[in-house]
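Colleague: Attaching a predicted model along with its sequence, questions to come.
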Amino acid sequence: MTTATAQIGANQQSAVHYGSISRGRKRTLYWSYFFLILFVIFFLMPPVYMFITSLKTSAEIGAVTNPWWVYHPTLQNYIDLLTQAQFLTFFKNSALVAVIVVSVTMVVSILAAFSLARMKFWGSGTLATGVFLTYLIPESLLFIPLFKIFAFIHDLTGIELINHWWVLVFLYPTLTVPFCTWIMIGYFASIPKELDEAALIDGAGYLQILTRVFIPVALPGIIAATIFCFTVSWANFLYPLAFTTSADQLVLPVGIVTTLIKGDVYNWGQIMTGALLGAAPPLIIYAFLMDYYIAGLTAGATKG
Amino acid sequence: MAEVALRNIVKTFDRTPAVAGIDLDINDREFVVLVGPSGCGKTTTLRMIAGLEEATSGEIYIGDQLVNDVPPKDRDIAMVFQNYALYPHMTVYENMSFGLRLKKFPKPEIKERVENAARILDITDLLGRRPKQLSGGQRQRVAMGRAIVRNPKVFLFDEPLSNLDAKLRVQMRMEIKKVHQKVTTTTVYVTHDQIEAMTLADRVVVMNGGRIEQIGSPNEVYHQPKTRFVAGFIGSPAMNFLSCRLSETSNGSAGLAVRLSDKLTFSVPESRVARYRPHAGRELLFGLRPEDIIEKRGDLPPGRAAFDVQLDVVEPMGMETMVYFVVDGTEVCGRVNPAAAGKPGETMPLVADLNHMHLIDPKTDQVL
């Protein structure tokens, strides 16, 4: 009896209907699309709203109409903003800070990562972990001690560090160098050891190994780090808000907020326009380097 | 072209000895293969010759120069790595010329050398490609090409064929041999594959536990192993080892006999009696290769002994068949003609060629 039951069970099992693989795949795809579209709507809503608002006059923004529609489109906000010397100063400050920070960060973190990943020396492992730990300290905790340090430097040397755009060039690397170094350590570590040994035997010195083998091979990683670094230094809000005050020293994110909000009067049209224009450079960079960026973030995940 | 000499080389990693005192002289233009199991110190030895590892103590000479403190680039060596280590962002031409470009060779000479090496390796068509567009065998050739163009004093190969599939490995093995015949440079080749060692080497260096067990021609290490390790490591399937007792023959002649079990006793061939006599009465280890245990056919020439076994496992290999049987609890392998092989469980008459037997002292592991 038991045997018979077992046999029937086995027969039933073998008769299980599996449907079709393509149908199963289709159902999975439907759900993927559903959630993807949901997320796209969710994430695109703010920029779309910004764009719509930037095309409206102040009167229309204030009027009780459908906020998702422009009845009288105008480019006045763009014209106003782009002809204002102030906005162009913010833009110039931001660009200068970003370019210098990116250059400094990449030089420092590539050299640091190469030595930490490849030139085995006493304490290199601990140092690498230390680099990452400094990244974990939030900037909101750092700016008060930084104020103290600036005051100390001022007392000691008489050099005023507060309220200069260029001081951001010293501040942002505290955020960008640890993270970029960490990314680059991981990336360099994924390059086979034999590659530098082959170069060593071929007659290359350490600097030549770095410039002629490591940097070209790790280019996707370097680009990923560069993009990250640019984004941080372009979009950082807290440090410039805390350390710069004069209008001619402000960078874009703080400049827009502080000059276009007068008391409780919000110039929404220009704020939105400024934010859109401010978001353009990172967007353009992402668009050009997207392929490299993705390759950089997923490198080392599989054996190439 | 140069000799390589190692004098009492020791290498320890965190107090763990990887190489425990090696002396080795490699002649000019010689092809020497370091062979041994994983962790025997062969790769470490090669890396010390290359300058990628520093010797803890001892002296390394390339030519007449003591190179212990000479950086790799100034040792005038070229190395081929297991995973090829080609620069992925460079074309084959750039890969091969990289070393020459670093040394600022004139362009026409670089071109000539690269093209010449490419011709030797038959990769002229690939010069414009990048490594990822090449197959494993092609990459291996490029790695060899990169070594050849440098025209170094010594070639170092670190298990260059391990990443290739079995068929390609055999083919590339032959290619390496051909290249060495054309470009007769002193070569040190590391492998764990004893067939590679046998087929390529002028001399084989068998290593174990950070020491050299034996240095000799492929035939020497195969037919006259000095230690139990060498006897067991070289040859596939491995040599059979059985505990035995060496005793005087009971029939009053001056002969010796090895007693392997209650049922199995072989007379020692006359040619070996004098050599083994001092050890009579001792418990020893008897060693015989599978190809010296064959099927019985016709009369027995001197030095051969017939015995019957019950077959345990039979493995047909095509041109021969491996038969396994048990003697006193130990599995023994024989190599017989496929037509003569019996089936598992059957009794089969076999013949042992005792002219090729080895006796090993179990205390010292030395072959007597």
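Modeller: Received the coordinates, thanks.

Colleague: check contacts around B:N337.
Modeller: Taking Cβ atoms under 8 Å, 6 or more residues apart in numbering or on different chains, we find B:N337 in contact with B:294-295, B:320-321. The C-beta positions use only the backbone N, C-alpha and C, and glycine is treated the same way.

Colleague: Sort out which of these are in helices and list them.
Modeller: Per DSSP state H, helices hold no members of the contacts of B:N337.

Colleague: These in strands, which ones?
Modeller: Using DSSP state E, B:294-295, B:321 are the members of the contacts of B:N337 that sit in strands.

Colleague: and B:N163, how many neighbours does it have?
Modeller: 15 (other Cβ atoms under 10 Å in any protein chain shown).

Colleague: distance of it from A:A280?
Modeller: 48 Å (Cβ to Cβ, to the nearest Å).

Colleague: likewise B:T184?
Modeller: To A:A280, B:T184 is 65 Å away according to Cβ to Cβ.

Colleague: More neighbours: these two, which one.
Modeller: B:T184 (13 against 9).

Colleague: Looks like the more buried one contacts B:R29 (just checking).
Modeller: Yes - counting by Cβ atoms under 8 Å, B:R29 is a contact partner of B:T184 at 4.6 Å.

Colleague: domains of the chain?
Modeller: Here I'm looking at chain A. According to automatic domain parsing, chain A comprises the domains A:18-74, A:76-298.

Colleague: The chain in question should be chain B.
Modeller: Listed by automatic domain parsing, the domain ranges of chain B are B:4-228, B:240-360.

Colleague: need those domains in TSV with mean pLDDT, can you?
Modeller: Below are these laid out as TSV (pLDDT from 0 to 100):
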stretch	mean pLDDT
domain B:4-228	89
domain B:240-360	85
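
Colleague: Deepest in the core, which of the ones you listed is it.
Modeller: Greatest average neighbour count among those goes to domain B:4-228 (a mean of 19), per mean count of other Cβ atoms under 10 Å in any protein chain shown.

Colleague: How far away from the center of its chain is that domain?
Modeller: On the basis of Cα atoms, centre = their mean, to the nearest Å, domain B:4-228 sits 15 Å off its chain's mean C-alpha point.

Colleague: anything in that domain near chain A?
Modeller: Yes - using Cβ under 8 Å from any Cβ of the partner chain as the criterion, contacts between domain B:4-228 and chain A involve B:50-52, B:71-73, B:77-79, B:81-83, B:85-89, B:98-99, B:102-103, B:132, B:146, B:150.

Colleague: Keep only those of those that are in strands.
Modeller: Counted as lying in strands by DSSP E, out of the residues of domain B:4-228 next to chain A, are B:77-79.

Colleague: From those, pick the one nearest A:S246.
Modeller: Nearest to A:S246 among these, counting by Cβ to Cβ, is B:M79 at 61.3 Å.

Colleague: follow-up on the earlier one: export the domains of chain B to CSV and tack on distance to A:E197?
Modeller: Output for the domains of chain B, formatted as CSV (distance: least, Cβ to Cβ, whole Å):
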stretch, distance to A:E197
domain B:4-228, 5
domain B:240-360, 39
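
Colleague: show me the contacts for A:L111.
Modeller: Applying Cβ under 8 Å, 6+ apart to A:L111 gives the contacts A:L210.

Colleague: Can you tell me the element it falls in?
Modeller: According to DSSP states H and E, A:L111 maps onto helix A:85-118.

Colleague: again with B:A274
Modeller: Assigned by DSSP H and E, B:A274 falls in helix B:270-276.

Colleague: what do you get for B:E109?
Modeller: In this assignment (DSSP H and E), B:E109 forms part of helix B:107-121.

Colleague: What are the contacting residues of that helix?
Modeller: In contact with helix B:107-121 (Cβ under 8 Å, 6+ apart) are residues B:92-93, B:96-97, B:100-101, B:105, B:124, B:126-127, B:141-142, B:144-145, B:148-149, B:151, B:175, B:179, B:182-183.

Colleague: For the nearest residue to B:D361 once chain neighbours are set aside, report the pLDDT, please.
Modeller: With Cβ to Cβ, 6 or more residues apart in numbering or on different chains as the criterion, B:D361 has its nearest non-adjacent residue at 6.0 Å, and that residue is B:L368. pLDDT recorded at B:L368 is 83.

Colleague: Over to A:A301?
Modeller: You'll see A:A301 listed with a pLDDT of 39.

Colleague: what's the answer for the one 3 residues further on, then?
Modeller: In this prediction, A:G304 carries a pLDDT score of 37.

Colleague: What is the longest helix seen in chain B packed up against?
Modeller: If you go by DSSP H, chain B has its longest helix at helix B:166-182. Contacting helix B:166-182 under the criterion 3 or more Cβ pairs under 8 Å, 6 or more residues apart in numbering or on different chains; DSSP states H and E are the following elements: helix B:107-121, helix B:136-149, helix B:194-200.

Colleague: so where does the nearest residue to A:G221 once chain neighbours are set aside fall, helix or strand?
Modeller: Spatial nearest neighbour of A:G221, excluding adjacent residues (Cβ to Cβ, 6+ apart): A:Y187 at 3.3 Å. Element membership for A:Y187, per DSSP H and E: helix A:173-189.

Colleague: contacts for that helix?
Modeller: Here helix A:173-189 makes contact (Cβ under 8 Å, 6+ apart) with A:101-102, A:104-106, A:108-110, A:112-114, A:116-118, A:128, A:131-132, A:134-135, A:139, A:142, A:214, A:218, A:220-222, A:224-225, A:228-229, A:232-233, A:236, A:296, A:299-300.

Colleague: residues of that helix that come out buried?
Modeller: A:173-185, A:187-188 (16 or more other Cβ atoms under 10 Å in any protein chain shown).

Colleague: and if you look at stretch A:163-175?
Modeller: A:165, A:167-175.

Colleague: And that stretch, how far out from the chain middle?
Modeller: Its chain's C-alpha centre and that of stretch A:163-175 lie 17 Å apart, by Cα atoms, centre = their mean.

Colleague: and that stretch, how far apart are its ends?
Modeller: One end of stretch A:163-175 to the other measures 19 Å (Cα to Cα, to the nearest Å).

Colleague: what does stretch B:79-88 give?
Modeller: End-to-end distance of stretch B:79-88: 17 Å, with Cα to Cα as the criterion.

Colleague: Which stretches in the stretch 151-300 of chain A count as strands?
Modeller: For the stretch 151-300 of chain A, the strands defined by DSSP state E, counting those that start in this stretch occupy A:261-262, A:265-266.

Colleague: quick one: which of the ones you listed is nearest chain B?
Modeller: Closest to chain B of those, according to Cβ to the nearest Cβ: strand A:261-262, at 49.8 Å.

Colleague: which residues touch the closest one?
Modeller: Outside of strand A:261-262, the residues within contact range by Cβ under 8 Å, 6+ apart are A:267, A:271.

Colleague: List the contacts of B:E59.
Modeller: B:5-9, B:66, B:68.

Colleague: Which pair of these spans the longest distance?
Modeller: Farthest pair in the contacts of B:E59, by Cβ to Cβ: B:N8 and B:L66, 13.2 Å.

Colleague: As JSON lines, the strands of the stretch 151-300 of chain A with mean pLDDT and mean neighbour count would be great.
Modeller: Shown next, in JSON lines, are the strands of the stretch 151-300 of chain A (pLDDT from 0 to 100; neighbours: other Cβ atoms under 10 Å in any protein chain shown):
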{"stretch": "strand A:261-262", "mean pLDDT": "80", "mean neighbour count": "11"}
{"stretch": "strand A:265-266", "mean pLDDT": "80", "mean neighbour count": "11"}
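
Colleague: In JSON lines: these, plus distance to B:V221.
Modeller: Formatted as JSON lines, the strands of the stretch 151-300 of chain A follow (distance: least, Cβ to Cβ, whole Å):
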{"stretch": "strand A:261-262", "distance to B:V221": "87"}
{"stretch": "strand A:265-266", "distance to B:V221": "89"}
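
Colleague: Quick one: closest of the ones you listed to B:A257.
Modeller: strand A:261-262 (108.2 Å).

Colleague: who does the closest one pair up with?
Modeller: Sheet pairing for strand A:261-262, assigned by DSSP bridges, gives strand A:265-266 (antiparallel).
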